[in-house]
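Enquirer: kindly return the folded structure for what I paste below:
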Amino acid sequence: MGTACLEPPPLIQDLKVTVHDASLVFPSDHIPRKPFFLSNIDKVLNFDVQTIHFFAAHAEFSPDRVAEALRAALAKILVHYEFLSGRLKVDTRTGRLEIECNSEGVGFAVASSERRLDDVGDLVYPNPAFERLVTKSMDTLPPDNQPLCIVQVTSFACGGFAMGISTNHATFDGLSFKMFLQNLAALAADKPLVVDPCNDRRLLAARSPPRVSFPHPELLKLDVPKGQDSSRPHVFTDAPEDLDFKIFKLSPKDIARLKERAAKDAGCPGSSYPKARVTGFNVVTAHIWRCKALSSCVDTDDGSSKSRASTLLYAVDIRPRLEPPLPRGYAGNAVLTAYATATHGELEEWPLGRLVEMVTEGAERMTDDYARSAIDWGEVNVGFPHGEVLVSSWWRLGFADVEYPWGRPRYSCPLVYHRPDIILLFPDMTTTASQNSGDGVNVLVALPSPEMAKFQSLFHKFLA
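Expert: Sure, this is the predicted structure:
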């Protein structure tokens, strides 16, 4: 069996990083000063996301030369992404979060590590020491005037380097961030943009008047007192909790086995699951959902645990689902949260094909009408996606497929924060630059110790 629970490898506790310079990069051309509209999807994502991209040494591009090329490319790209060198602010008249396009710049830091890249060890396994590879804020600026994007280039003793990027999530989702990276790489190579960004967030503005035409059980309404700042939600604050952390690796054979089982359930004569779309993501997500829900069950004589409902959340790209579809280069957040709900008893008893059908139905629910209703819901309510577990997939975003002048990354990953309600899907390092849809995936789970033991047992039980 290809699946494995990866035990923590020896992790370097200190990368011995020294930051040599931190400054601001400004647009290379004039950008008109103006307020920049944020959609209801953007404005609830007012928190920072960090990604790290590791590169092997390159004969023609020393880390110093890479830093120079990136700095120059950033100055150019800010002209095309007019919002990125601005600052977040709340419109005092409407109370709405927006960006002031004021060309105050993005952050840029140059650092070095005394370690060799090979000394870092397994890049797939999240290491708390990776935090030193990202600059999260500019110390020379006040908290309310921080850049929306900060890039740090850290050289290793071997000549390899890491590019750590911190961005406010209100600026990009995963797909638009990959497009940003492709354009940044193109400009660093003195080539034209790969895709012209579409910066018009009003394409996802709420209707006037708002029309919430569907129930939205995936969204939790918050009671925010009048006058209280809701622009940076406390919902995204990590609660201090003692959690075990494990990575479960699913090989291509494991995924094929799950797909075969689900297809058999859905394809047999008289099947009750004709809507099941048997894809790698759907079968892995259904498998994880079952294991996560059942791992939190408390064995009781009255069976009350089995009647408890579990809600799964996962992101759906709405770009092609809207009428008309969003432009290919849409540069903002264009994902909404799909959901599926079942009782713990159903999750234990139902075949995999039925769970895959529920994941399929959640995505198919996201029509133009449903998406517009969800956006309008955010116009009349303050709230956020809410469920027992969110599956956040970085599996096939393709950050490691971006071709820079100094080559593709050896590995790309987000800086991980452990939360029991979020399960992350990461690409496997050996196939991260592959376009092959049959690649493996790493499942990152953080749970209290008793739940983790149960999750691990269930993960293997339902895979066998």
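Enquirer: tell me the secondary structure of Glu100, please.
Expert: At Glu100 the chain is in strand, as set by DSSP: H, G, I helix; E, B strand; the rest coil.
Enquirer: helix or strand right after the lowest-mean-pLDDT helix or strand in the chain?
Expert: Averaged element by element with mean pLDDT, DSSP states H and E, the chain has its least confident helix or strand at strand 4-6 (a mean of 70). Sequence order places strand 17-25 as the next helix or strand after strand 4-6, per DSSP states H and E.
Enquirer: tell me which helix or strand comes right after that next one.
Expert: Helices and strands here follow DSSP H and E; after strand 17-25, the next one along the chain is strand 34-36.
Enquirer: burial count for the residue lying closest to Leu123 once chain neighbours are set aside?
Expert: Computed as C-beta to C-beta, 6 or more residues apart in numbering, the closest residue to Leu123 that is not its neighbour in sequence is Tyr411, at 4.2 Å. Where you see a C-beta, it was placed from the backbone N, CA and C, and this is true even at glycine. Residues near Tyr411, counting by other C-beta atoms under 10 Å, number 22.
Enquirer: can you check the pLDDT for Tyr411?
Expert: With respect to pLDDT, Tyr411 scores 94.
Enquirer: now for Ala363: which residues touch it?
Expert: If a contact means C-beta atoms under 8 Å, 6 or more residues apart in numbering, then Ala363 has Arg277, Tyr314, Val316, Ala338 as its contacts.
Enquirer: for ChimeraX, what selects the buried ones among these?
Expert: Only the buried entries of the contacts of Ala363 go into this ChimeraX selection, using 16 or more other C-beta atoms under 10 Å:
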select :277,314,316,338
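Enquirer: which one of the contacts of Ala363 sits closest to Gly387?
Expert: Gly387 has its nearest neighbour among those in Tyr314, at 9.3 Å by C-beta to C-beta.
Enquirer: and the nearest residue to that closest one once chain neighbours are set aside, which of the three is it?
Expert: Nearest residue to Tyr314, sequence neighbours excluded (C-beta to C-beta, 6+ apart): Val391, at 4.7 Å. Under three-state DSSP, Val391 falls in the strand class.
Enquirer: and stretch 63-71, how far from the chain's centre?
Expert: Computed by C-alpha atoms, centre = their mean, to the nearest Å, the chain-centroid distance of stretch 63-71 equals 26 Å.
Enquirer: what's the separation between the residue nearest to Tyr314 and Tyr339?
Expert: To Tyr339, Val391 is 11 Å away according to C-beta to C-beta, to the nearest Å.
Enquirer: swap in Asn40?
Expert: Between Asn40 and Tyr339 the computed distance is 18 Å (C-beta to C-beta).
Enquirer: which residues are common contacts for Val391 and Tyr339?
Expert: With C-beta under 8 Å, 6+ apart, Val391 and Tyr339 have common neighbours Leu312, Leu313, Tyr314.
Enquirer: checking my notes, the second one in a helix, right?
Expert: Pointing back at Leu313 there. No. Counting by three-state DSSP, Leu313 is not found in a helix; it is strand.
Enquirer: pretty sure Ala157 belongs to a strand, no?
Expert: No. Membership of Ala157 in a strand is not supported by three-state DSSP, which gives coil.
Enquirer: number of residues surrounding it?
Expert: 13.
Enquirer: check contacts around the residue lying closest to it once chain neighbours are set aside.
Expert: Once flanking residues are discounted, Ala157 sits nearest to Arg116: 5.0 Å by C-beta to C-beta, 6+ apart. Residues in contact with Arg116 (C-beta under 8 Å, 6+ apart) are Phe156, Ala157, Cys158, Gly160.
Enquirer: in three-state terms, label the nearest residue to Cys291 once chain neighbours are set aside for me.
Expert: Leaving out its chain neighbours, the residue that sits closest to Cys291 by C-beta to C-beta, 6+ apart is Leu458, at 4.3 Å. Three-state call for Leu458 (three-state DSSP): helix.
Enquirer: report pLDDT for Leu458.
Expert: According to the prediction, Leu458 has pLDDT 96.
Enquirer: do the one 4 residues further on as well
Expert: pLDDT for Phe462: 94.
Enquirer: ok, now how distant is it from Trp350?
Expert: Here Phe462 is placed at a distance of 11 Å from Trp350 (C-beta to C-beta).
Enquirer: neighbours around the spatially closest residue to Asp317 that is not a sequence neighbour, how many?
Expert: Nearest non-adjacent residue to Asp317, counting by C-beta to C-beta, 6+ apart: Val335, 5.5 Å away. Val335 has 19 neighbouring residues, counting by other C-beta under 10 Å.
Enquirer: now do the same contact list for Val335.
Expert: Per C-beta under 8 Å, 6+ apart, neighbours of Val335: Ile41, Asp173, Gly174, Leu175, Ala315, Val316, Asp317, Ile318.
Enquirer: which parts of this structure are helices?
Expert: Along the chain, the stretches classed as helices by DSSP state H are 40-43, 63-80, 174-188, 252-267, 280-295, 304-307, 344-349, 352-364, 368-380, 449-461.
Enquirer: for Arg396, which of these is the nearest?
Expert: The closest of those to Arg396 is helix 280-295. By C-beta to C-beta, the value is 7.9 Å.
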